[in-house]
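J.: The following block contains a protein sequence and its predicted model.
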Amino acid sequence: MSSPTQAHAAPARTDAPAFTQEPVTNDLAGSAGPARFQADPRFDAAERDAVYRAIHTRRDVRGEFLPDPIPDEVLARVLDAAHHAPSVGFMQPWDFIVVRSRAVREQIHADFLAAHAEAEQMFDEGKRDTYRNLKLEGILESPVNICITCDRSRHGPVVIGRTHIGAMDVYSAVCAVQNLWLAARAENLGVGWVSILHPQALREALGIPREIVPIAYLCIGHVSAFHARPELEAAGWLPRMPLPELLHFDGWQGPADEAGEQLIEQVRKLPPHPR
């Protein structure tokens, strides 16, 4: 598999399959209605591998954006994928602000520069030079920015599944971010999450009401290439942690029993990821 992937040179499929619900008979009422279960739920090997490839080759894109516009039909599929993320109580707390205006993006970029300068001073002196030289956003280079928000009051104060863990609606909105990111990768688009922003400045730039929570500000567009490894890993900022060191069994820091050791051995046997 080639590395890096030349994304813009390989347009995504335009005949993406859609799930359909076939009419079936309701055994109790004897009437036709939508199918309760998927007619073809299993993934074949190629479909499975494509999902894993999207996961393992997804990158946080900063400096490789191209100015080419994203066709509306492609952006529509990506947003629809985000909208089909899982959500607590099926509350779907997200909204999507599509930002194309150069003036709006320049306003947000100006706040990024201010926040970036502040953040630099938070690191030890030994890391400041590395941080300063990292490209950490593509606000102006990407043709589209998307802000995903969370409406925590949607469908009222009591939501199934949020009764005891109040942040589940926020976690749900983050699932929409991940869905969007993976769908974009499958469409050969890059995405970059810009988190070095003052939330209030973002609210003011986009007119976000006080009761709505900005979750993610994303840059999205065609790219010249995807990095083989995450940029921060390649730059020596931090290494990827070995998965076996993060596995616990039956409790925090719980040691592996025989079954756990077998699982760890299978993790160690996994083939290298595509790049």
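T.: Cool, the structure landed.
J.: Please tell me how far the residue nearest in space to the middle of the chain sits from Ala235.
T.: Computing the C-alpha centroid of the chain and ranking residues by Cα atoms, centre = their mean puts Gln178 first, at 2.5 Å. Applying Cβ to Cβ, to the nearest Å, the value for Gln178 to Ala235 is 23 Å. For every residue, glycine as well, the C-beta is placed using N, CA and C.
J.: try Ala176
T.: Using Cβ to Cβ, Ala176 is found at 29 Å from Ala235.
J.: These two: who's more crowded?
T.: Ala176 (27 against 13; other Cβ atoms under 10 Å).
J.: What sits closest to the more buried one if chain neighbours are left out?
T.: Ala85 (4.0 Å; Cβ to Cβ, 6 or more residues apart in numbering).
J.: so that neighbour, which of the three states?
T.: Assigned with DSSP: H, G, I helix; E, B strand; the rest coil, Ala85 falls in the coil class.
J.: and it, how many neighbours?
T.: Counted by other Cβ under 10 Å, the residues lying close to Ala85 total 18.
J.: cool, and the one 4 residues further on?
T.: Applying other Cβ under 10 Å, we find 18 other residues in the vicinity of Gly89.
J.: so how many other residues sit close to Leu180?
T.: The number of residues near Leu180, taken as other Cβ under 10 Å, comes to 26.
J.: Could you measure from it over to Val144?
T.: Leu180 sits 12 Å away from Val144, going by Cβ to Cβ.
J.: what does Met168 give?
T.: The spacing between Met168 and Val144, counted by Cβ to Cβ, is 29 Å.
J.: do the same with Ser224
T.: Counting by Cβ to Cβ, the gap from Ser224 to Val144 is 17 Å.
J.: cool, Ala85 as well?
T.: From Ala85 over to Val144 the distance is 19 Å, taken as Cβ to Cβ.
J.: try Asp95
T.: Asp95 is 16 Å from Val144, by Cβ to Cβ.
J.: Let me know the pLDDT of Asp129.
T.: At Asp129, the model reports a pLDDT of 88.
J.: The helix or strand hosting it packs against which elements?
T.: Secondary structure assignment for Asp129, by DSSP states H and E: helix 125-132. Applying 3 or more Cβ pairs under 8 Å, 6 or more residues apart in numbering; DSSP states H and E, we find helix 125-132 packed against helix 102-120.
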